[in-house]
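> Mind folding the following:
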Amino acid sequence: MSYLVLARKWRPKRFAELVGQEHVVRALSNALDSGRVHHAFLFTGTRGVGKTTIARIFAKSLNCETGTSADPCGQCPACLDIDAGRYIDLLEIDAASNTGVDDVREVIENAQYMPSRGKFKVYLIDEVHMLSKAAFNALLKTLEEPPEHVKFLLATTDPQKLPVTVLSRCLQFNLKRLDEDQIQGQMTRILAAEQIESDPSAIVQLSKAADGSLRDGLSLLDQAIAYAGGALREDVVRTMLGTVDRTQVGAMLQSLADGDGARLMQVVAALAEFSPDWSGVLEALAEALHRIQVQQLVPSVAFVGDGIDPTAYAAQLRPEVVQLWYQMALNGRRDLYLAPSPRAGFEMAVLRMLAFRPAAAVPAGGSDDGRGASAGGHARSAGTGVQAAAPVAA
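Numbers count the residues shown, from 1 in each chain. Below you'll find the predicted structure:
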């Protein structure tokens, strides 16, 4: 038997199994239980958050042979066929491949016929924003007044491309990106069921890389399992993802705070041995600076530790310096592809942080001793090799 990827094997089959999207589940469940089911629904949201899954569960709830409810039995022939993708009255249409008006006219013509097995004929149109303007126009009348036995479920990642005339004919549900805790929880449950040992920190790394998409997270989990060949350890997952150890980000920040260019380049050289994603390293640096700034200006906000203590750096760095370095990290990511090499672009970004340092304030009537100042406003010791940028006279 061929291997079934985790994202498909663990696709939810009931509303109760869904991760997140409680606002959508509540609305659909109430509609099903009260019998007030609209004829057209539009599910929007980024990739891998459950649009197609919710539509399939909704179709199952409508056509379950035990009766229409928010909790289909999952055992009747209709439920089993929908789960297997072979239910004749659930027609899934890929709008990216069937974009023309002729494809829509075929849908309209077939919609007039009664369902073959179930109570409703359900049309699930995925990536509906890819339909042509003529196709949308042809669909409008049927979408507004379909036969009683027809339900339309539309899904898209880009609702801005849909005509207002289509939006006004549908109940729209915007699916939210999943937070890291939700993705971590689902990964933990799946690994336990699959009897695969893992480090909690490895799951944290995967959930961060998922970027709000559970499907992307499970695809990365599949990749990590194959790469590790056994237990999932943090160092193995970090190497696979090309992410940076947060303690090394802390070492870079400390080198910048101390004005120690030599130490900074040593940290960069150590990072280079693992061939990291340099854009990801700048992202991690920007994330750390964000935490430091929040700690400085809103100290009541608490962060979960991930190798960097923002409190320590908040006392060393001035708020305006943190803002400056944050902007440099963002600009460094933006310009990275223009650099001779990704590493060179990264080095120039952090060296820019080192070079553009505020000069020490010179008291009225006093003189500058030429030693410069650290980013925290304290005099630096000699021998760092970095001078503060002196203001230019107007």
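> C-alpha from now on. contacts and neighbour counts both.
Fine.
> what residue ranges in the protein score low on pLDDT?
1, 302-307, 357-394 (pLDDT under 70).
> show me the contacts for residue 45.
Counting by Cα atoms under 8 Å, 6 or more residues apart in numbering, residue 45 makes contact with 51, 156, 157, 158, 174, 175, 176, 177.
> Show residues contacting stretch 64-78.
Here stretch 64-78 has contacts from 13-15, 28-30, 32-33, 58, 60-63, 79-80, 87, 118, using Cα under 8 Å, 6+ apart.
> again with stretch 195-206
Contacts for stretch 195-206 (Cα under 8 Å, 6+ apart): 180, 184, 187-188, 191, 217, 220-221, 230-235, 237-238.
> Closest to residue 94 out of those?
Within those, the smallest distance to residue 94 is 23.5 Å, found for residue 217 (Cα to Cα).
> For residue 335, see how far away the residue sitting nearest the centre point of the chain is.
In the chain, the centroid-proximal residue (Cα atoms, centre = their mean) is residue 211; its distance is 2.2 Å. From residue 211 across to residue 335, the span is 22 Å (Cα to Cα, to the nearest Å).
> Same question for residue 221.
31 Å.
> quick one: which of these two has more around it?
Shown here are residue 221 and residue 335; by other Cα atoms under 10 Å, residue 221 has more neighbours (25 against 15).
> Mind listing what's buried along the helix or strand hosting residue 32?
Per DSSP states H and E, residue 32 falls inside helix 22-34. Buried residues in helix 22-34, counted by 16 or more other Cα atoms under 10 Å: 24, 25, 28, 29, 32.
> which helices and strands does it pack with?
On a contact count with 3 or more Cα pairs under 8 Å, 6 or more residues apart in numbering; DSSP states H and E, helix 22-34 meets helix 51-63.
> send the alpha carbons of the helix it packs on over as PDB?
The C-alpha coordinates for helix 51-63 follow below in PDB (Å, rounded to 0.1, in the frame of the first residue of the first chain):
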ATOM      1  CA  LYS A  51     -11.200  25.800   3.400                       C
ATOM      2  CA  THR A  52     -11.600  22.700   1.400                       C
ATOM      3  CA  THR A  53     -11.800  20.500   4.500                       C
ATOM      4  CA  ILE A  54     -14.600  22.500   6.000                       C
ATOM      5  CA  ALA A  55     -16.500  22.500   2.700                       C
ATOM      6  CA  ARG A  56     -16.200  18.600   2.500                       C
ATOM      7  CA  ILE A  57     -17.400  18.200   6.100                       C
ATOM      8  CA  PHE A  58     -20.300  20.600   5.400                       C
ATOM      9  CA  ALA A  59     -21.300  18.500   2.300                       C
ATOM     10  CA  LYS A  60     -21.100  15.400   4.400                       C
ATOM     11  CA  SER A  61     -23.400  17.000   7.000                       C
ATOM     12  CA  LEU A  62     -25.900  17.900   4.300                       C
ATOM     13  CA  ASN A  63     -26.000  14.400   2.800                       C
END
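> Toward the C-terminus, what is the element adjacent to that helix?
helix 77-84.
> now what about the helix or strand following that next one, what contacts it?
Counting by DSSP H and E, the next helix or strand C-terminal to helix 77-84 is strand 90-94. Applying Cα under 8 Å, 6+ apart, the contact partners of strand 90-94 are 59, 82, 121, 122, 123, 124, 125, 126, 127, 128.
> The fifth one touches residue 155, doesn't it?
Read it as residue 123. No: contact criterion Cα atoms under 8 Å: residue 123 and residue 155 do not qualify, at 10.8 Å.
> which one of the two has more residues nearby?
residue 155 (27 against 21).
> That one falls within a strand, correct?
Yes: Residue 155: assigned to a strand according to DSSP: H, G, I helix; E, B strand; the rest coil.
> Quick check: it vs residue 126, distance?
Residue 155 sits 5 Å away from residue 126, going by Cα to Cα.
> tell me, what's touching those two both at once?
Joint contacts of residue 155 and residue 126 (Cα under 8 Å, 6+ apart) are residue 52.
> The helix holding residue 32 relative to helix 51-63, how many degrees between them?
Here helix 22-34 runs at an angle of 10 degrees relative to helix 51-63 (axes from the mean of the first three to the mean of the last three Cα atoms, to 10 degrees).
> just checking, next helix/strand downstream of helix 22-34?
Toward the C-terminus from helix 22-34 - assigned by DSSP H and E - lies strand 40-44.
> and that next one, what other elements does it pack with?
So strand 40-44, by 3+ Cα pairs under 8 Å, 6+ apart, packs with strand 150-156, strand 171-174.
> could you dump it to PDB, C-alpha only?
Extracted in PDB, the C-alpha atoms of strand 40-44 (Å, rounded to 0.1, in the frame of the first residue of the first chain):
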ATOM      1  CA  ALA A  40     -24.100  29.600  -1.400                       C
ATOM      2  CA  PHE A  41     -21.000  29.800   0.900                       C
ATOM      3  CA  LEU A  42     -17.600  31.400   0.300                       C
ATOM      4  CA  PHE A  43     -14.600  30.300   2.300                       C
ATOM      5  CA  THR A  44     -11.600  32.600   2.100                       C
END
